[in-house]
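Colleague: One predicted model, sequence on top.
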Amino acid sequence: MNSILSFLPHEEHIRAAPDFQLSSSESNLLITLLNQEDQHQYNELLNISLPIHVQQLSHELSLLLHLSSSTTWMITILLKQLIIQKHSLDLLTVVACVTLSFKYQQLSSQTIDYELIAKCCQIDNIQHIHDAEVDLLDIFSYDISVTTPDHFFSYLSNVNNNLKEIVEQVQSLLSISSYSHETYQLLHNYPCSIVVLSLMYTITSNTFTTEQIKNFVTHKKDAVHYSDQLLNCITQIQNIFSSC
C-alpha cells in the first residue's frame, strides 16, 4: 500500500479485441472512459443506494441466469438512473432492467429464459416483462449504454497483451457468484476504473499496475479525490479477500 502513495498527487457493450491501437497514445479511449466518470450524473450515481429488496432480487436473478460482471454492473447503473428520475422500482421494472442488460451485454449466442424468470418472480404472463422493457427504453430514450469495468479490463489487456491472461484472471474476480449482494453493491460506490485498478493492485501489485494507476490518475479531473477513493477501495477489497 505504501508504494502506491509515492505517486498519488497531493495537490490539486464493447469488449475490445486485442489491438494495440486501442491503447496507443494516439487513441482517446482511456481519456473518453475516464471523462465519462467525471460527469455529474455518474458521480451522483455513486451516492445512491438501492433498496435492500431490489439488491436481493437483482442478485438472485443474476445468479439464476449466470450473468456476466458487465451485465450485473449495467443492471445496477440502470436501476440507480431510475431512482434519479424518481421512477418506482417495482418488480417488473427490476426484471426489465435485468433482461435488457442481458440482451445488451451477454453474448449473441445466449438466449434469455423468460419463462424461467416469470416462474421465479411469480409473473403470470411474460408479455408483462416485454411491456416493461419497452417502457424502460422509452424512459431512457433508447440509450442504455453504460460504462462497465469490462471496458477498462479490455483497455488494460490491449496495453500489454502479454498480461492478457492475468487481466482476465483479475476480471473473473468480479463474478456475481463470488460475493454477497451487500459486498457487490459496496463496489458500486466507486467508479468502474477504481474497482478495476484496486483489484489489479490487490492481486498483482507489479510495475505494470502501478504505471497504469499513474496513467489513470493523470487523466482525472480531481486527481486528489480520485486517489483517496482508490486507496479506500483497495483497503476494502483487501478486507473482503482476507475475510473469505
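Modeller: That came through fine.

Colleague: quick one: low-confidence ranges for this protein?
Modeller: 1-27, 40-41, 107-109, 176-179, 181-182, 244 (pLDDT under 70).

Colleague: Quick check: most distant residue from the centroid of it.
Modeller: Using Cα atoms, centre = their mean, the residue of the chain lying farthest from its centre is residue 124. It sits 31.6 Å away.

Colleague: In this structure it contacts residue 118, no?
Modeller: Yes - using Cβ atoms under 8 Å, residue 124 is in contact with residue 118, at 7.4 Å. Heads up, the C-betas are built off the backbone N, CA and C, glycines and all.

Colleague: how far is the longest helix seen in the chain from where the chain is centred?
Modeller: Counting residues, the longest helix found in the chain (DSSP state H) is helix 223-243. A distance of 16 Å separates the centroid of the chain from that of helix 223-243, by Cα atoms, centre = their mean, to the nearest Å.

Colleague: Export it to CSV, keeping only CA atoms.
Modeller: The C-alpha trace of helix 223-243 is given here as CSV (Å, rounded to 0.1, in the frame of the first residue of the first chain):
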residue,chain,number,x,y,z
ALA,A,223,-6.8,13.6,-9.1
VAL,A,224,-6.7,14.1,-5.3
HIS,A,225,-10.2,12.9,-4.7
TYR,A,226,-9.7,10.0,-7.2
SER,A,227,-6.5,8.9,-5.3
ASP,A,228,-8.4,9.0,-2.0
GLN,A,229,-11.2,6.8,-3.5
LEU,A,230,-8.6,4.4,-4.9
LEU,A,231,-6.9,3.9,-1.5
ASN,A,232,-10.2,3.4,0.2
CYS,A,233,-11.3,0.9,-2.4
ILE,A,234,-8.0,-1.0,-2.2
THR,A,235,-8.4,-1.3,1.6
GLN,A,236,-12.0,-2.5,1.4
ILE,A,237,-11.2,-5.1,-1.3
GLN,A,238,-8.2,-6.4,0.7
ASN,A,239,-10.5,-6.7,3.7
ILE,A,240,-13.0,-8.6,1.6
PHE,A,241,-10.4,-11.0,0.4
SER,A,242,-8.9,-11.5,3.9
SER,A,243,-12.3,-12.4,5.3
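
Colleague: Give the buried residues for that helix.
Modeller: By 16 or more other Cβ atoms under 10 Å, the buried positions in helix 223-243 come out as 223, 226, 227, 229, 230, 231, 233, 234, 236, 237, 240.
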